[in-house]
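1. Output the structure for:
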Amino acid sequence: DEVVRSTVEETLNALLDAEADRLCGAQRYERNEARQDTRAGSYQRQLQTKAGEVSLKVPKLRSLPFETAIIERYKRRESSVEEALVEMYLAGVSVRRVEDITEALWGTRVSPSTVSELNQKIYAQIEEWRQRRIEKRFVYVYLDGVWLKRSWGGEVRNVSVLVAIGVDEEGFRHVLGVSEGTKEDGASWTAFLRELKQRGLEGVQLFVSDKCLGLIENLAEFYPEARWQRCVVHFYRNVWTKVPSGKVKEVAAMLKAIHAQEDRDAAREKARLVIEKLRAMKLRDAAELIEAGVEETLSYYAFPSEHWRSLRTNNPLERLNREIRRRTRVVGAFPDGRSALMLVAARLRYVAASRWGTRRYLNMQRLAQAAVARTSGMPGDLVQQWHMQTSLTTGSDYLRRLYSEAGSCTQNFPPLISMVVPVM
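-> Predicted coordinates for the structure are as follows:
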């Protein structure tokens, strides 16, 4: 442990010296015309890190202020240490227990007032992040809820946290919203969708979710122009409840064949054959369930085939939900709904800032290309030119160039412009 602590201390001090050299424009004792300032000694600071307490020698300059980007001014603890303190408190650990844990981990007791201040600080930051304005347009939006335990009047009850993530016009994923719901019912979804609408969510072409109670009706109310895709995995599971365990594997293969077709018409025909076969197998309930709901699982066929795998299920959000459950499983029952919401939101904010949110998830040029191809009258050479130009960043950029080069042709495609290129 001492080796790790001393290495961290040495590395941080080296980084501080390097930053001071950069501000001065020259290394210590170096004489050159580019020098802008000189050293004026240093002062000691203690910093709590996961490796233990380290002693920092913060350089001082004669004229320029030394504003280091490595350690915030007046900061006495590494960010990960503060996050650990907040997470312990949100998980229901008592303040006294937090003091004991910090002393065992880092050799320093954290006072109750410090925990309270950190708690209020992170609450404000998370709330600001939850209520931020949604500036971009999001083509695809995934909706789901996570069930957690909370204490209520001496009893442990369920509480749902509703989550929405979206894929923007450039193909990047974002966490759009997280909110507490008493349960996944119509009233909770109404409040959640109204909040997203008021914060600026627009441009949605497809919602992907399970068939939650009250959700579908609310989608039609708030986003009447958007399509809805029922998660095929949840649909399969609903069908399997009507099938004997010995035939689940066979029925699963039949269901997957429906969604492996090359287009919507072929999928409908395959579904008809599957329904007939299930009735011949005396599985009438399963056949009726497929007949009533299979059309809800075929909406993704209206979008580029390169996107189908990501659109026909709610898996992109389910993976986040598994991470949430992993982080909250050790808590058991939260002391209140707000603690549950804050911990979930804090985790989602962390994930959104990681590679999950900075890596392009889908190639949205395919969506714009499909929209152009579906629009009759667009000159074929322009569509081909759009397809070959791969240097632009988004499908929107391609279409803007196409329309500017097409001149008066843009007047013939108002539905396409409004659907894919919101700002011309």
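2. For residue 12, which non-adjacent residue is closest in space?
-> Distances taken as Cβ to Cβ, 6 or more residues apart in numbering place residue 56 nearest to residue 12, at 5.9 Å, with adjacent residues excluded. Heads up, the C-betas are built off the backbone N, CA and C, glycines and all.
3. Which residues are in contact with the one you found?
-> The contact partners of residue 56, taken as Cβ atoms under 8 Å, 6 or more residues apart in numbering, are 9, 12, 13, 16, 44, 45, 46, 47, 71.
4. same deal with residue 279?
-> Counting by Cβ under 8 Å, 6+ apart, residue 279 has contacts residue 287.
5. please begin residue numbering at 4 from this point
-> New numbering, starting at 4: the last item is residue 282.
6. Just the pLDDT at it, thanks.
-> Residue 282 carries a pLDDT value of 96.
7. what about it, which SS state?
-> helix (DSSP: H, G, I helix; E, B strand; the rest coil).
8. mind listing the helices for the stretch 104-253 of the chain?
-> Using DSSP state H, counting those that start in this stretch, the helices of the stretch 104-253 of the chain run over residues 115-133, 189-201, 218-225, 235-243, 251-261.
9. For residue 151, find the nearest of these.
-> Shortest distance between residue 151 and the helices of the stretch 104-253 of the chain, using Cβ to Cβ, is found for helix 189-201: 13.9 Å.
10. Please enumerate residues in contact with that closest one?
-> 137, 148, 163, 165, 167, 179-180, 182, 184-185, 215-218, 220-222, 224-226.
11. what about burial for these, which qualify?
-> Buried by 16 or more other Cβ atoms under 10 Å: 137, 148, 163, 165, 167, 179-180, 182, 184, 215, 218, 221-222, 225-226, out of the contacts of helix 189-201.
12. Residue 69: which of those residues is nearest?
-> Nearest member of the buried ones among the contacts of helix 189-201 to residue 69, counting by Cβ to Cβ, is residue 137, at 38.4 Å.
13. ok, the closest one touching residue 202?
-> Yes - in this structure residue 137 lies within contact range of residue 202 using Cβ atoms under 8 Å: 4.9 Å.
14. Mean pLDDT added to the helices of the stretch 104-253 of the chain, as JSON lines?
-> Output for those, formatted as JSON lines (pLDDT from 0 to 100):
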{"stretch": "helix 115-133", "mean pLDDT": "74"}
{"stretch": "helix 189-201", "mean pLDDT": "92"}
{"stretch": "helix 218-225", "mean pLDDT": "90"}
{"stretch": "helix 235-243", "mean pLDDT": "95"}
{"stretch": "helix 251-261", "mean pLDDT": "96"}
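15. top helix in this protein by residue count?
-> Determined from DSSP state H, the single longest helix within the chain is helix 5-27.
16. same question for the helix or strand that comes right after that helix, mean pLDDT?
-> Of the helices and strands lying after helix 5-27 in sequence (DSSP states H and E), the nearest is strand 42-52. Taken as a whole, strand 42-52 carries a mean pLDDT of 81.
17. Which of the residues in strand 42-52 are classified as buried?
-> Applying 16+ other Cβ under 10 Å to strand 42-52 flags 42, 45, 48, 50, 51, 52 as buried.
18. Equivalent analysis for stretch 243-250, please.
-> Within stretch 243-250, the residues that count as buried by 16+ other Cβ under 10 Å are 243, 245, 246.
19. Just give me the closest of those residues to residue 323.
-> The nearest member of these to residue 323, counting by Cβ to Cβ, is residue 243 at 24.4 Å.
20. pretty sure the closest one contacts residue 254?
-> Yes - counting by Cβ under 8 Å, residue 243 does reach residue 254; the two are 6.8 Å apart.
21. Can you tell me which helix or strand of the protein has the lowest average pLDDT?
-> In the chain, no helix or strand scores lower on mean pLDDT, DSSP states H and E than helix 417-423, which sits at a mean of 43.
22. shaky segments in the stretch 54-203 of the chain?
-> Within the stretch 54-203 of the chain, the segments meeting pLDDT under 70 span 54-55, 70-102, 104-124, 154-157, 185-187.
23. residue ranges for the strands of it, please.
-> Taking DSSP state E, counting those that start in this stretch, the strands of the stretch 54-203 of the chain run over residues 55-64, 141-155, 158-171, 176-184.
24. Which one of the ones you listed lies nearest to residue 352?
-> strand 176-184 (7.1 Å).
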